[in-house]
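Visitor: Below is the sequence, then the predicted model.
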There are 2 protein chains.
Amino acid sequence: MIRKTAGGPSTAVRRAAPSIRDVAAAAGVSYQTVSRVLNGSPSVRADTRTAVLEAIETMGFRPNRSARALGLGRARAVTVVTSDTMLYGYASTLQGIEEAARAAGFAVGVRVIESDSADDVRQAADYVADPSAGAVVVIAFDPAGAKVLAALDDDVPAVAAIEASGRRDTGRVVICLDERVAAAQATEHLLALGHRTVHHVAIPSEDGSSGRQAGWRDALVRAGAPIPAVVPAGWDMAAAYAAGRRLAEDPLVTAVLCGNDDLALGVRRALYEQGRDVPGEVSVVGFDDIPGSAYWTPALTTVRMDFTGLGRACFEAAVAQLAGGPQPEVSLTAPCLVVRESTAPPRTKP
Amino acid sequence: MIRKTAGGPSTAVRRAAPSIRDVAAAAGVSYQTVSRVLNGSPSVRADTRTAVLEAIETMGFRPNRSARALGLGRARAVTVVTSDTMLYGYASTLQGIEEAARAAGFAVGVRVIESDSADDVRQAADYVADPSAGAVVVIAFDPAGAKVLAALDDDVPAVAAIEASGRRDTGRVVICLDERVAAAQATEHLLALGHRTVHHVAIPSEDGSSGRQAGWRDALVRAGAPIPAVVPAGWDMAAAYAAGRRLAEDPLVTAVLCGNDDLALGVRRALYEQGRDVPGEVSVVGFDDIPGSAYWTPALTTVRMDFTGLGRACFEAAVAQLAGGPQPEVSLTAPCLVVRESTAPPRTKP
DNA sequence: CACGCTATCGTGACCGGTCACACGCGCTCG
DNA sequence: CGAGCGCGTGTGACCGGTCACGATAGCGTG
């Protein structure tokens, strides 16, 4: 399993890394000049600059980010606070942040929130209170994230990525995907197909009403359709599967909107095991458009979310806040319904 | 989309964060004593310690990680170098590292490798040459990761997570999941079911022979079965789908081992569209056991990999290397085949 | 009572960058 | 021809922790 090193790094003499003063000595200039070259200052003569660059190259000099952060008072970094790194929405948002950060020369850190307990929330908030954390993006799709956001000191340059519900304003910059209208759109799609109503298997949310859930309810009340009790399923496919079993037994359910694609997979499997055809007997739609959903059998009707764009926008906003500048304009591609094979008119009109 | 803040952080007077000297003054001790308390030094009287702790609490003091890293010469951090953050294997490994790092009080950074071009590889290697990066784990499942590993300076405390093929020794500590025997096991499962041979749709690998591919070949030669050309499919489900279309047209293919579960999804879909029943007409097995695969229809036979454990082990090893200590013993749970519904005996014995 | 030892604590220098400022130089301008 | 200015560059102090060392107090011992 593990292969020991023969004469690896630990035994090697660790020569001290060169600092800007070493480079300066080699180039015959002062350390400040090296610093200027490093920072692209215009007031350095061209030949001086090349001499310094050459010394940097030959000595293999790498600037020390810690020292720079210390001198600057803040780090050129962004740290992402999230309660999960693997769920599709979170991971894609993180990816968007990372891409933007790398392009801007920012380091990226990740701090996951263990749980939404007061203790864990405080630890996460403390963690990013350190200026070494740089700009902060908290992914507040869930209660844990929202709590951390609320627990943050006013002076930490943080922005939040949230879903679109009518969350009360916290006095912070927040950027959101407007999934509420998308959820309504998905629900209306089902209703338009002729379904009497649509059931909802929900992901966790702060006060039981995520943007997804709110949009679903919006569409139902607008259509005057009955509003079934929402079925909470956490993030867990197993829970969704269990919920699906129960739903499958009720001949009245012919359409179900799931809080995300994973949950859709769970209920679709439950339906399958009960011999309920999708979309023949019951239609199911997901949320997120995870990469696999187009390849399922049947391919999943779902709503596509621009998490990566959200991440990028969050990074830009967080950096702007760190710099004290004005907030940049953001333009996200709005969520949109992708109709595939898992939705159809109900077999028997009730 | 974006909600501006009213009197947010940018306008707030940013009071200077207290330093250990401020805390020392408040507690009536020297800054060194505060440092000692922070580091859990035993040679501090109990009442002095509580006084300092109290001052820390009331002033809201948070130690500055950059300053600490600078003084120490290295950061209490680990940075993960990877070419992807969303693919299941990578994301789970990252998760394992993160969990272990958080438990140990280490910060975690992520640096993704844009491509395996010489330029991008060099940039990634340079990035982690900085002592601020702390310990380094490079996820070397693919060519890009392997190249970065090779490009690393000898004195950066890095370990690599790799797959189990007979990769030549680089003089570094590497930790691997032994997926080669697991791939052989999966292939043998198919063979034992009565299939004449097994086709392979492959993920990218450095020299065209990943551990998965090697194990597959091992089993085939041991069984004296014909060895079909491997079908490369990148990481892309669309490519796997295309490969599946071609495979579906050949009546001789009755079993296919896929490089990962995503690829399995793609070929399964292609098979479905061609009316080839799984597992009735062709068996398919995946690799990784992603969370959804148990809920597919049919549920996927696949091999479960302990990526999280791999990540944890990598963290421990990297920290040991950072500290110059001996390498810890690692015990990973070996990959194992999970037989579900997507494999069965061939319908017609050839 | 002098001595040494330990426990506890404080002082100075340092890590590797940054900032603010001063300085020398050549030029323009009154 | 000297004052003023801008360019290019160097010096000192500083960021907030760390280390190495020294100082002091309290104690036991011969």
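Guide: Looks like it arrived, so ask away.

Visitor: Toward the C-terminus, what is the element adjacent to the worst-scoring helix or strand of chain A on mean pLDDT?
Guide: Lowest mean confidence among the helices and strands of chain A (mean pLDDT, DSSP states H and E): strand A:2-3, at a mean of 47. Next along the chain after strand A:2-3, taking DSSP states H and E as the criterion, comes helix A:20-27.

Visitor: show me what contacts the residue of the stretch 101-250 of chain A found nearest DNA strand D?
Guide: Proximity of the stretch 101-250 of chain A to DNA strand D (CB to the nearest atom of the strand) peaks at A:P131, 7.6 Å away. Placement of C-beta: from N, CA and C, glycine included. Neighbouring residues of A:P131 by CB atoms under 8 Å, 6 or more residues apart in numbering or on different chains: A:A69, A:G73, A:R74, A:A75, B:A17, B:N64, B:S66.

Visitor: can you list these in TSV and add distance to DNA strand C?
Guide: Shown next, in TSV, are the contacts of A:P131 (distance: CB to the nearest atom of the strand, whole Å):
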residue	distance to DNA strand C
A:A69	8
A:G73	8
A:R74	10
A:A75	11
B:A17	16
B:N64	11
B:S66	8
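
Visitor: Closest one of those residues to DNA strand D?
Guide: Closest approach between these and DNA strand D, by CB to the nearest atom of the strand: B:N64, at 3.7 Å.

Visitor: The closest one - how many residues pack around it?
Guide: Other residues near B:N64 number 21, with proximity taken as other CB atoms under 10 Å in any protein chain shown.

Visitor: In this model A:A133 seems to touch it, though I could be wrong.
Guide: No: here B:N64 lies out of contact with A:A133, judged by CB atoms under 8 Å, at a distance of 10.2 Å.

Visitor: check whether stretch A:138-149 contacts chain B.
Guide: No: Stretch A:138-149 lies out of reach of chain B by CB under 8 Å from any CB of the partner chain, never closer than 12.2 Å.

Visitor: my guess is A:C176 contacts A:F141, does it?
Guide: No: contact criterion CB under 8 Å: A:C176 and A:F141 do not qualify, at 9.8 Å.

Visitor: who has more neighbours, those two?
Guide: The neighbour comparison of A:C176 against A:F141 (other CB under 10 Å) goes to A:F141, with 29 against 23.

Visitor: mind listing the helices for the stretch 151-300 of chain A?
Guide: A:179-192, A:211-223, A:237-249, A:261-273 (DSSP state H, counting those that start in this stretch).

Visitor: Deepest-packed of the ones you listed, please.
Guide: helix A:261-273 (a mean of 25; mean count of other CB atoms under 10 Å in any protein chain shown).

Visitor: Determine if any part of the helix or strand harbouring A:A320 is in contact with chain B.
Guide: Assigned by DSSP H and E, A:A320 falls within helix A:307-323. Yes: under the criterion of CB under 8 Å from any CB, chain B is reached by helix A:307-323 at A:A313, A:A317, A:Q321.

Visitor: which of those residues tops the neighbour count?
Guide: That'd be A:A313 among the residues of helix A:307-323 next to chain B, by other CB under 10 Å, with 28 neighbours.

Visitor: Which residue comes closest to that one once chain neighbours are left out?
Guide: What sits nearest to A:A313 in space, not counting adjacent residues and going by CB to CB, 6 or more residues apart in numbering or on different chains, is A:V330, at 4.2 Å.
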